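Participant: Provided below are the primary sequence and the corresponding predicted coordinates.
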Amino acid sequence: MAAVALHRGTPRKTVIVAGIVAAWLLLWLLFRNLATLPLDASALTPLHRWVNDLNDAIGASRNTNPLFLYFFNEIRLVIDELVTFIQALIAQSGFGRPVPVIGWLGVVALAGYVSLAIAGWRQALLAVAGFTFLGLQGLWAESMDTLSLTLAAVLISLLFGIPLGIWAGLNDRVNRIITPALDFMQTMPTFVYLAPLTLFFLIGPASATIATLIYAAPPAIRITAHAIRSVPHETVEASESLGATTKQTLTKVLLPSARGTIVLGINQTIMAALSMVTIAALIDAPGLGKTVVKALQTLDVGTAFNAGLAIVVLAIVLDRVTTAAAARRATASRPVLIGGGVATLVAIYFSYTYLWAAEFPSEAEIGSSIRRGTTAATEWVQDNLPVITGGFKDFTTTVFINPLQALLSESPWWLVAAVVVALSFVIGGVRSAVTSAVCLGLLVATGLWQDSMITLAATLVATVLVMVLGVVFGVWMGRSRRADRIIRPVLDAGQVMPAFVYLVPFLALFAASRFTAIIAAVVFAAPVAIKIIADGVHNVSPTTVEAATALGSSGWQTITKVQLPMARRALTLAANQGLIYVLSMVVVGGLVGAGALGYDVVAGFSQGQLYGKGLAAGVAIVVLGVMLDRLTQAAAKRWDQQEVRSGKA
Amino acid sequence: MARHSVVAVALAGALALAGCSGAKVGDSSSGSGSGDCGAFNIAVNPWVGYEANAAVLAHVAEKELKCKVTKKDLKEEVAWQGFGTGEVDAVVENWGHDDLRKKYIDEQKTAVSAGSTGVKGQIGWYVPPWLAKEHPDITDWNNLNKYADLFKTSESGDKGQLLDGDPSFVTNDEALVKNLNLNYKVVYGGSETALITAFRQAEKDKKPVIGYFYSPQWLLNEIKLVKVKLPEYKAGCDADAEKVACDYPDYDLDKIVSKKFADANGPAYNLVKNFKWTNEDQNTVAKYIAEDHMSAADAAKKWVDANPDKVKAWIAKA
């Protein structure tokens, strides 16, 4: 984004930026490997030790601290009750019964019926097929556990998230306060707060739900606020000039116009919640995540994939039903609804009473074929492709990653800091420069400067790849509904298929390396960027596009001169979210050879004496995220203003 | 329009008729755990060897002592933390973890040791068997510099790559490389998965890899990795983490239980305390799980059925 903005900047600015970079290169040659602030993998700073002590003290005071006894305990009880209740309904034995209240037949019927009522026939069929498929995979019980936890986390996220998002959309100050908090929630690695969470909320559904919603709530809040903000000013002004109260403007104008985008936020929340399934399994969250983690211990890719596929199926069903529910108002006719309701009740009654309808029959099963097929496919890939992929990895590493990393991590810290502050000033003025300076100071304070620079290099490479994919596929999908229909399920899979599932083949293809980490991040982050850009391009008013075509624009001209500039808000949001999603994969990168901050976090989660360092690394990731985010936004804003100006001219 | 609902009701009716046969929920009630044993919460840390211990213990506790066993899948840190909150009774394979011992046994006094599992743990540097066969002298650290070029990768630049893995455990490798003057760079694979994938591929495609690994581990049943000889371990040679220049010590893998659980001195505690077997026993169960793809419970049952004498010894002493 920065690059785009700079190209469009005045020539003078381009010269200044080029000058700064040239000076950097020169000084890099002179001062290489001086003052790079490295820290060995097992070395600690006083700050890290202090955090360790603090953590120990909190743990030791757990049973006497009133905050624990009254505040956290109450929250835990409420959430535990909610999750246990949903589980007893559909997932686990409860209410004195050896099986859930509603068995598989009842759940399938209910899923179909609800989809029919709110979304229509097609979605109802999809829901029935999808849920039946979960049973056929041999994963019914696990899927229902995952569904219970996800429903609980999403419900609580939306309960707080939508009102907060509306508030932030209406009020600039709230937005300013809430944004850093959201950045923190989305980029602070879960591994950092997973262990403390179980200290606060004990091992069980409450901790798993809270871990999930910390990560899943921000998209709902952010995108709701964005949606409210994107309603054209003229519309709001018109409504106000007609004498509407603020409340009326909100309920009659803002919310209806923002509805489509808010639903996108809800979808992202569902996706984010499902993407946490595996990590939550590390603190005993029941469900599909456990299957994946267990399978990974023996590198059983087939079993892991089968469970991952179930998560993807759940995600697609939930996504399509909510999307369709938002798009249409008229649903099935009354008699159909009544008839369907009766049939559903009968199905629920059966599943309550009879074993065959309560527990999914194990004879009908395709899970083992999926497992075998995947294992065979993975083996083929691992046997035949590494020669090519290994070379590709080496090439990319030498040409892109190594030079960038050398420049960032082998420069003295003051040089990098000076360059970043100067660039920030050129791009966004004094404000940006100050923000960057504060962030850089914090990075030095974490004691993990060099690790931060190594991670930054990988993050930049990954984000550029994400945006390239985002623009290419986003424009394609925005212009063609058919492309959208075909590509979207693949994107959903990329977002919710647990990274752990594809790490094994990736490791075989690219070995334990920074490149593997980058690829994993791109798989996870590109879908969200693509979806947002597709949404933006699709929403460009058709009359504008028609006008452009009528004036003789070629397809290419329409895209570059009309659709992309008009969708620039979406591009900004995509870059922003793409970046944040890449950063949220830094830890997974640490599991496949990226080292640096990701490894620090993982090690901090695994070894008590490294906890403080892991936390510091988590903070460093957040700080990097905030700095890059503010910079891209400043650049985007400038671009926005220039477009408006040149548009008026 | 009304026809739709008629059809639906008829369909529901047909379903109702069809459904009126078959076993009902609650027809057969299986007696779940009762007796004087009570609840037994066992932590399951995420590796196969541990799971083997836990599964066998859970099986015996459930079938012989009639305990109500709950297995909780947890990382080590979280599991130890559970001693204090009363949610975990036992950790049944502990690799040293001096930091956790200090915190929970000495300081918070929420945990106590329950003795050895009988399994010996070993950490070190390993190479795939084909490499050890082709260059027999590679298994001595003195010759490692000679082979550094073999191990170069995109991550290690002009040095040899020493692949470190699982961050769950202490590594002295960076200090070792420095203090033994080896021309290697430690690259953090970051997970057991990364290590296993690397070793498997190395053996199959005859690629050179050297990395951190440990036994007992199920992969060693499949590939006989060869340990590289480092300067011998002597008590105290690893006291200063910066100056370590010797091999890792052998670990006596032990069991840790919550103080409350130990003080109650119930049958489950006595089982955990008496539980002791060998590397071979564990490897057998681990093989059932990892290679034969049996569930942990089935694997445990198979082993217990085949070794009644050993099991009897664990319960008899109670």
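Facilitator: Done, it's in.

Participant: which stretch of helix or strand covers the residue in chain A that chain B sits nearest to?
Facilitator: Closest to chain B within chain A is A:Gly339: 2.4 Å, counting by CB to the nearest CB. For every residue, glycine as well, the C-beta is placed using N, CA and C. A:Gly339 belongs to helix A:334-353 when assigned by DSSP states H and E.

Participant: same question for A:Ile532.
Facilitator: With DSSP H and E as the test, A:Ile532 turns up in helix A:514-539.

Participant: the longest strand belonging to chain B: what's the following helix or strand?
Facilitator: Using DSSP state E to define each element, chain B has its longest strand at strand B:111-127. Note on strand B:111-127: by DSSP H and E, the next helix or strand toward the C-terminus is helix B:129-134.

Participant: after that next one comes which helix or strand?
Facilitator: strand B:160-164.

Participant: hmm, which helix or strand of chain B has the shakiest average pLDDT?
Facilitator: The weakest-scoring helix or strand in chain B, judged by mean pLDDT, DSSP states H and E, is helix B:2-19 (a mean of 52).

Participant: returning to what we had before: the helix holding A:Gly339 packs against which elements?
Facilitator: Judged by 3 or more CB pairs under 8 Å, 6 or more residues apart in numbering or on different chains; DSSP states H and E, helix A:334-353 is in contact with helix A:104-118, helix A:355-358, helix B:2-19.

Participant: who touches whichever helix or strand comes after the longest one?
Facilitator: Under the assignment DSSP H and E, the closest C-terminal helix or strand after helix B:2-19 is strand B:39-44. The contact list for strand B:39-44 (CB atoms under 8 Å, 6 or more residues apart in numbering or on different chains) reads B:50-51, B:54, B:57-58, B:61, B:67-74, B:79, B:82, B:87-92, B:268.

Participant: can you narrow those residues to ones near chain A?
Facilitator: With CB under 8 Å from any CB of the partner chain as the criterion, those include B:Glu51, B:Lys72, B:Asp73, B:Leu74, B:Gly82, B:Glu87, B:Val88 near chain A.

Participant: those residues in helices, which ones?
Facilitator: In helices, defined here by DSSP state H, the members of these are B:Glu51, B:Gly82.

Participant: widest-spaced pair of the ones next to chain A among the contacts of strand B:39-44?
Facilitator: Greatest spacing in those, by CB to CB: B:Glu51 and B:Glu87 (19.0 Å).

Participant: who has more neighbours, these two?
Facilitator: Between B:Glu51 and B:Glu87, B:Glu51 has the larger neighbour count (other CB atoms under 10 Å in any protein chain shown), namely 29 against 21.

Participant: tell me which other helices or strands the helix holding A:Ile532 touches.
Facilitator: helix A:255-275, helix A:386-396, helix A:449-479, helix A:481-496, helix A:499-510, helix A:568-584, helix A:586-591.

Participant: thinking again about what came up before, list just the nearest of the ones next to chain A among the contacts of strand B:39-44 to A:Pro38.
Facilitator: B:Leu74 (33.6 Å).

Participant: tell me where the model's unsure across the stretch 501-649 of chain A.
Facilitator: A:643-649 (pLDDT under 70).

Participant: around chain B, pick out the residues from it.
Facilitator: So the stretch 501-649 of chain A meets chain B at A:503-504, A:507-508, A:511-515, A:590-595, A:598-599, A:602-603, A:605-609, A:611 (CB under 8 Å from any CB).

Participant: swap in 7 Å and give it another go.
Facilitator: Within the stretch 501-649 of chain A, the positions adjacent to chain B are A:503-504, A:507-508, A:511-514, A:590-593, A:595, A:599, A:602-603, A:605-609 by CB under 7 Å from any CB of the partner chain.

Participant: what subset of the residues you listed is buried?
Facilitator: A:503-504, A:507-508, A:511-514, A:590-593, A:595, A:599, A:602-603, A:605-609 (16 or more other CB atoms under 10 Å in any protein chain shown).

Participant: burial check on the nearest residue to A:Val101 once chain neighbours are set aside, number of neighbours?
Facilitator: Sequence neighbours aside, A:Leu89 is the residue nearest to A:Val101 in space, at 5.1 Å (criterion: CB to CB, 6 or more residues apart in numbering or on different chains). By other CB under 10 Å, the residues close to A:Leu89 number 18.

Participant: touching, A:Leu89 and A:Pro100? I think so.
Facilitator: Yes - shown here, A:Leu89 and A:Pro100 form a contact pair, counting by CB atoms under 7 Å, at 6.3 Å.

Participant: list the contacts of the residue nearest to A:Val101.
Facilitator: A:Pro100, A:Val101, A:Ile102 (CB atoms under 7 Å, 6 or more residues apart in numbering or on different chains).

Participant: could you do A:Leu615 as well?
Facilitator: So A:Leu615 contacts A:Val51, A:Val192, A:Gly604 (CB under 7 Å, 6+ apart).

Participant: assign the residue nearest to A:Ile118 when sequence neighbours are not counted to helix, strand or coil.
Facilitator: Of all residues not flanking A:Ile118 in the chain, A:Ala325 sits nearest, at 4.2 Å (CB to CB, 6+ apart). Assigned with DSSP: H, G, I helix; E, B strand; the rest coil, A:Ala325 falls in the helix class.

Participant: what pLDDT is listed against A:Ala325?
Facilitator: pLDDT recorded at A:Ala325 is 80.

Participant: ok, residues contacting stretch B:221-230?
Facilitator: The contact list for stretch B:221-230 (CB under 7 Å, 6+ apart) reads B:124-129, B:132, B:139-141, B:199-200, B:203, B:210, B:213, B:246-247, B:283, B:287, B:291.

Participant: quick check: buried residues in the helix or strand hosting A:Leu26?
Facilitator: Using DSSP H and E, A:Leu26 maps to helix A:11-31. For helix A:11-31, the neighbour count (16+ other CB under 10 Å) marks A:Lys13, A:Ile16, A:Val17, A:Ile20, A:Trp24, A:Leu27, A:Trp28 as buried.

Participant: C-alpha coordinates for the helix or strand following it, PDB please?
Facilitator: Next along the chain after helix A:11-31, taking DSSP H and E as the criterion, comes helix A:46-60. Provided in PDB are the C-alpha atoms of helix A:46-60 (Å, rounded to 0.1, in the frame of the first residue of the first chain):
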ATOM      1  CA  PRO A  46      15.700  -8.200  33.400                       C
ATOM      2  CA  LEU A  47      12.300  -7.300  32.000                       C
ATOM      3  CA  HIS A  48      11.700 -10.900  31.100                       C
ATOM      4  CA  ARG A  49      12.600 -12.100  34.500                       C
ATOM      5  CA  TRP A  50      10.400  -9.500  36.100                       C
ATOM      6  CA  VAL A  51       7.400 -10.700  34.100                       C
ATOM      7  CA  ASN A  52       8.200 -14.300  35.200                       C
ATOM      8  CA  ASP A  53       8.200 -13.200  38.800                       C
ATOM      9  CA  LEU A  54       4.900 -11.300  38.400                       C
ATOM     10  CA  ASN A  55       3.300 -14.300  36.700                       C
ATOM     11  CA  ASP A  56       4.400 -16.600  39.600                       C
ATOM     12  CA  ALA A  57       3.100 -14.100  42.200                       C
ATOM     13  CA  ILE A  58      -0.300 -14.000  40.500                       C
ATOM     14  CA  GLY A  59      -0.500 -17.800  40.300                       C
ATOM     15  CA  ALA A  60       0.500 -18.100  44.000                       C
END
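
Participant: what helices or strands is helix A:46-60 leaning on?
Facilitator: Identification of packing neighbours for helix A:46-60 by 3 or more CB pairs under 7 Å, 6 or more residues apart in numbering or on different chains; DSSP states H and E yields helix A:611-648.
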